[in-house]
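Asker: The following block contains a protein sequence and its predicted model.
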Amino acid sequence: MDFNDVSDSIRELYSTLAWPLVALVGGFGILFGLWIGLGFALSGGDEQKRKQAKDRLRYFIIGFIAIFVIAGLTPAVVGLLQSWAQSQPGT
């Protein structure tokens, strides 16, 4: 089995699962965002609760961006690895 077979399998798996996973992560993200917003709204002026909600929102945004950046870069990385493997002597 050479790397082209593996990379083709990875690309096929990615293309099959990408949009359902995006929908799942997006739906979960919306629910989690609502939960964070509700916690912020119900903090009732309690500075500690407000800080916790703001921290959760910050981590949520960073994580959400990271997930979609990684998902977007995956096909490019697989393509680069495939090109590199094809350029190696003996392949």
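Answerer: Right, received. Where do you want to start? Note that this is a predicted model, so its numbers are computed, not measured.
Asker: In the helix or strand in which residue 17 is found, which of the residues would be classed as buried?
Answerer: Taking DSSP states H and E as the definition, residue 17 sits inside helix 3-41. The neighbour-count check on helix 3-41 (16 or more other Cβ atoms under 10 Å) flags 3, 7, 10, 29, 36, 39 as buried. Bear in mind the C-beta positions are built from the backbone N, C-alpha and C, glycine included.
Asker: Now do the longest helix that the chain contains against helix 3-41, angle only.
Answerer: Longest helix in the chain by number of residues (criterion: DSSP state H): helix 47-87. Interaxial angle, helix 47-87 versus helix 3-41 (axes from the mean of the first three to the mean of the last three Cα atoms, to 10 degrees): 170 degrees.
Asker: Counting by contacts, list what helix 47-87 packs against.
Answerer: Counting contacts by 3 or more Cβ pairs under 8 Å, 6 or more residues apart in numbering; DSSP states H and E, helix 47-87 packs against helix 3-41.
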